[in-house]
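Undergrad: can you look at this prediction? I've put the sequence above it.
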Amino acid sequence: MHNHFRKLAGKTWAITLSVASAWIMLIVAPPFLRTAGVESAAASIYTIFSYACHQIPERSFHIFEHQFAVCSRCFGVYFGLLAGIAVYPIWRSIDEIEPLPRIWLILSIIPIGVDWSLTVFGIWENTHLSRFLTGAILGVACATFIVPAIVEIVRNFTSKRKKGRLDGRPVNQNRLNDSNLR
């Protein structure tokens, strides 16, 4: 049974990594789409991401003189999430669902908070790099909590589905109850 869960965890991780990769590709796609003259697709992607990010041009990375779909801090969070998911199996067993202590998630918020606060209070002006790096720290930390949570959700869903089947066929509760009465 352990081997089954390990394979399931590996598949879950691969799908999660694929989704995170697709998300990053969507973020960087608009500059390429605009350069290729596909403005409507680029505009749609910008609109979708506008619900999650302010998209201020001065705070965003650019390619071909067109900005990414999110600012440098949000891109750092998403890129960090992708990086964290990618390296997760290297430093922790993929089928380990016990979460790390939450203090690590709380500590990962500190750099982003300091970077933001120093700018708000006029102590220093943050940069694309500081916003990206502090976002990436948070993204990597989030990945260490998201991967085991998704693996556990899939494991629980799969286990409940298997318990509801008998010999590979859906269980008919009435048939079971009738056979128990005889």
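TA: Structure received.
Undergrad: what packs against the helix ranked longest in the chain?
TA: Looking across the chain with DSSP state H, the single longest helix is helix 128-163. Counting by 3 or more C-beta pairs under 8 Å, 6 or more residues apart in numbering; DSSP states H and E, the packing neighbours recorded for helix 128-163 are helix 2-35, helix 72-91, helix 103-120. Where you see a C-beta, it was placed from the backbone N, CA and C, and this is true even at glycine.
Undergrad: tell me the most buried of those?
TA: Highest mean neighbour count of these: helix 72-91, a mean of 20 (counted as mean count of other C-beta atoms under 10 Å).
Undergrad: picking that back up, list the buried residues of the longest helix of the chain.
TA: Within helix 128-163, the residues that count as buried by 16 or more other C-beta atoms under 10 Å are 128, 130-148, 150-152, 154-155.
Undergrad: if we can go back for a sec, nearest to residue 52, out of the helices and strands packed on helix 128-163?
TA: The minimum distance between residue 52 and those falls on helix 72-91, with 6.8 Å, by C-beta to C-beta.
Undergrad: by contact count, what packs against the closest one?
TA: helix 2-35, helix 128-163.
Undergrad: any stretches of this protein with poor pLDDT?
TA: For the chain, applying pLDDT under 70 flags the ranges 1, 161-182.
Undergrad: try 50
TA: Low-confidence regions of the chain, defined by pLDDT under 50, span residues 166-167, 171, 173-182.
Undergrad: one step back: out of the helices and strands packed on helix 72-91, nearest to residue 73?
TA: Taking the helices and strands packed on helix 72-91 one by one with C-beta to C-beta, helix 128-163 is closest: 3.9 Å.
Undergrad: got the angle for the closest one vs helix 72-91?
TA: 50 degrees (axes from the mean of the first three to the mean of the last three C-alpha atoms, to 10 degrees).
Undergrad: a markdown table for the helices and strands packed on helix 128-163, including distance to residue 48?
TA: Output for the helices and strands packed on helix 128-163, formatted as a markdown table (distance: least, C-beta to C-beta, whole Å):
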| stretch | distance to residue 48 |
| --- | --- |
| helix 2-35 | 8 |
| helix 72-91 | 13 |
| helix 103-120 | 23 |
